[in-house]
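[1] Fold the following, please.
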Amino acid sequence: MYNFEFRCPTKLIFGKGTISKIKDEIPRDAKVLMTYGGGSIMKNGVYEQVKAALKGFDVIEFGGIEPNPTYETCMEAVEIVKREGVDFLLAVGGGSVLDGTKFIAAAAKFEGAAPWDILAKDAPVLNSISLASVITLPATGSEMNCGAVISRKSTNEKLAFIVPQSYPQFSVVDPETTYSLPPKQTSNGIVDTFVHVCEQYATYDVNTPLQDDWALGVLRTLIKEAPKVLTNPHDYDARANIFWAATCGLNYWISLGCVQDWSTHMIGHEITAFYGLDHGETLAIIMPRLWENRFEAKKAKLAKMGREVYGCESPDDELSAKFAILKTEEFFNSIGKKTKLADYGVDAKEAAERVFERFRVRGTILGEDGKITPEVTRDILRTC
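    Have a look, this model is predicted:
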């Protein structure tokens with residue numbers, strides 16, 4: 001196990017009926033900007049609950065943050081924050097709303113030439129506006145971490161940043177808010193969570209048995225609970241288990257002292273940027289093929305996954321690892337996620353060349369061992 005440091009300042013408030021608690025967590029003298037997306041919170045009762053909890057607070061609103069939050073939209077909110085003297089941000093919605101709000105919080109205090117440098121050049125974030133969330137979609141884990149992903153329409157780019165200032169002060173997780181989610185969004189979130197875990201687990205062994213067990217436990221939970229929420233969207237216990245799995249899938253616990261990959265996500269971001277596929281769709285397409293390409297390097301961990309998650313009885317690592325890949329793809333298919341670019345009308349060869357060229361220009365090298373060059377990325381995508 002490698003050395004690590006861990007601190008998570010986010011207070012998590014979990015369970016039914018907990019939205020009302022936000023009134024006790026936000027400073028009474030704060031000027032609050034409430035951010036949200038396209039209006040789903042107006043239909044499922046969340047907006048009314050939040051507004052009731054914020055009665056007596058100085059609140060203005062900013063809606064329209066996209067499912068892949070854009071730099072352009074976020075910068076509109078930054079102007080409002082500066083003009084109105086906002087000093088607290090409350091994201092209400094899914095992980096994309098929270099990701100966009102994290103960027104707004106950092107960009108509003110950024111002292112460099114352009115806030116895009118936070119993403120494109122890893123420009124330091126020295127200060128940020130306080131933020132919190134009422135999260136309504138189990139997927140990104142953004143409610144308990146300090147990362148975010150932002151797209152830029154003008155350049156067809158999708159980039160991530162991770163800064164300690166982006167931890168929410170608190171996050172409210174009420175599984176009842178997920179009852180109205182369409183099946184597609186539910187399954188996208190399950191895939192996102194599943195792949196988050198695998199990016200931290202399916203690398204090479206550095207003797208982290210506890211972290212491995214945590215990771216594999218999250219995967220088993222997702223596989224067990226996914227059919228329940230898709231069959232009965234109002235199954236509170238299943239919704240709660242899925243949401244807690246999503247939060248734990250990327251609050252950094254399972255990665256402590258471990259080796260991480262994240263190449264599936266980085267390649268997937270480019271497919272979303274170029275072709276507009278949902279994030280969960282790109283992950284379901286890429287990860288099985290990436291595992292096949294990097295099979296020898298990941299074989300031992302995949303074999304353990306094959307035995308402990310999917311029940312493979314073979315003592316042979318190669319057979320068990322291949323079984324894990326097969327069963328993972330079958331799981332994605334079982335919850336409605338297709339696993340080929342052609343299923344979404346995208347030509348794999350064209351996509352491979354476009355992403356290869358972008359990574360070549362950037363000098364992008366991916367993978368836990370630094371072996372996924374732009375050429376290897378092209379090889380992977382050609383098989384997608």
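[2] For the worst-scoring helix or strand of the chain on mean pLDDT, output the C-alpha coordinates as PDB.
    One helix or strand of the chain scores below all others by mean pLDDT, DSSP states H and E: helix 40-43, with a mean of 86. Provided in PDB are the C-alpha atoms of helix 40-43 (Å, rounded to 0.1, in the frame of the first residue of the first chain):
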ATOM      1  CA  SER A  40     -36.800  18.300 -13.500                       C
ATOM      2  CA  ILE A  41     -36.700  19.600  -9.900                       C
ATOM      3  CA  MET A  42     -39.800  21.600 -10.700                       C
ATOM      4  CA  LYS A  43     -41.700  18.400 -11.600                       C
END
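[3] Summarise which helices and strands it is packed against.
    strand 88-93 (3 or more CB pairs under 8 Å, 6 or more residues apart in numbering; DSSP states H and E). C-beta coordinates here come from the backbone N, C-alpha and C atoms, glycine included.
[4] and the strand it packs on, average pLDDT?
    In this model, strand 88-93 has a mean pLDDT of 97.
[5] quick one, strands of the chain?
    For the chain, applying DSSP state E gives strands covering 11-14, 31-35, 58-62, 88-93, 130-135, 147-152, 157-162, 170-173.
[6] quick one: strands adjacent to the fourth one?
    Translated: strand 88-93. strand 31-35 (parallel), strand 130-135 (parallel) (DSSP bridges).
[7] Pick the most buried one from those strands.
    Of the strands paired with strand 88-93, the one with the most neighbours on average (mean count of other CB atoms under 10 Å) is strand 130-135, at a mean of 26.
[8] Contact partners for the nearest residue to Ala139 once chain neighbours are set aside?
    Take Ala139 and drop its neighbours on the chain: the residue closest to it by CB to CB, 6 or more residues apart in numbering is Gly189, 3.3 Å away. Each residue near Gly189 by CB atoms under 8 Å, 6 or more residues apart in numbering is listed here: 137-139, 181, 242, 246, 280.
[9] Narrow those to just the buried residues.
    137-139, 181, 242, 246, 280 (16 or more other CB atoms under 10 Å).
[10] Now distance to Glu353 too, for the strands of the chain, in CSV please.
    Output for the strands of the chain, formatted as CSV (distance: least, CB to CB, whole Å):
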stretch, distance to Glu353
strand 11-14, 43
strand 31-35, 37
strand 58-62, 38
strand 88-93, 36
strand 130-135, 37
strand 147-152, 21
strand 157-162, 17
strand 170-173, 40
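[11] and Thr70, which of the ones you listed is closest to it?
    strand 147-152 (5.1 Å; CB to CB).
[12] what helices or strands is that closest one leaning on?
    Looks like strand 147-152 contacts helix 71-84, helix 95-107, strand 157-162, helix 263-275 (3+ CB pairs under 8 Å, 6+ apart).
[13] So which of the ones you listed is the most surrounded?
    helix 95-107 comes out most buried of the helices and strands packed on strand 147-152 by mean count of other CB under 10 Å, with a mean of 29.
[14] just checking, what packs against that helix?
    Against helix 95-107 (3+ CB pairs under 8 Å, 6+ apart) you get strand 31-35, helix 71-84, strand 88-93, helix 117-120, strand 130-135, strand 147-152.
[15] quick one, the third one and helix 95-107 angle?
    Which is strand 88-93. 160 degrees (axes from the mean of the first three to the mean of the last three CA atoms, to 10 degrees).
[16] can you check the last one too?
    For strand 147-152 against helix 95-107, the angle by the same axes, to 10 degrees is 90 degrees.
[17] How far off centre is strand 147-152?
    10 Å (CA atoms, centre = their mean, to the nearest Å).
[18] Next: stretch 73-93.
    22 Å.
[19] From Ser187, how far off is the nearest residue to Asp379 once chain neighbours are set aside?
    Closest residue to Asp379 apart from its sequence neighbours, by CB to CB, 6+ apart: Asn293 at 6.3 Å. In this view, Asn293 and Ser187 are 25 Å apart by CB to CB, to the nearest Å.
[20] that older thread, the helices and strands packed on strand 147-152: lowest mean pLDDT?
    Across the helices and strands packed on strand 147-152, the lowest-scoring stretch is strand 157-162, with a mean of 91.
[21] what lines up beside it in the sheet?
    Partners of strand 157-162 in its sheet, by DSSP bridges: strand 147-152 (antiparallel).
[22] Kindly calculate the angle that the strand it pairs with makes with helix 71-84.
    Using the same axes, to 10 degrees, strand 147-152 lies at 110 degrees relative to helix 71-84.
[23] pLDDT (mean, whole number) over strand 147-152?
    Rounded mean pLDDT across strand 147-152 is 93.
[24] Would you mind pulling the contact partners of it?
    Counting by CB under 8 Å, 6+ apart, 66, 68-72, 74, 98-100, 102-103, 116, 119, 142, 157-162, 166, 250, 269, 272-273 sit against strand 147-152.
[25] Apart from its chain neighbours, what residue comes closest to the spatially most central residue of the chain?
    Per CA atoms, centre = their mean, the C-alpha nearest to the average position across the chain is that of Thr140, at 2.7 Å. Distances taken as CB to CB, 6+ apart place Gly95 nearest to Thr140, at 2.9 Å, with adjacent residues excluded.
[26] Hmm, Ser133 and the one you found touching each other?
    No. At 9.0 Å, Gly95 does not count as touching Ser133 under the criterion of CB atoms under 8 Å.
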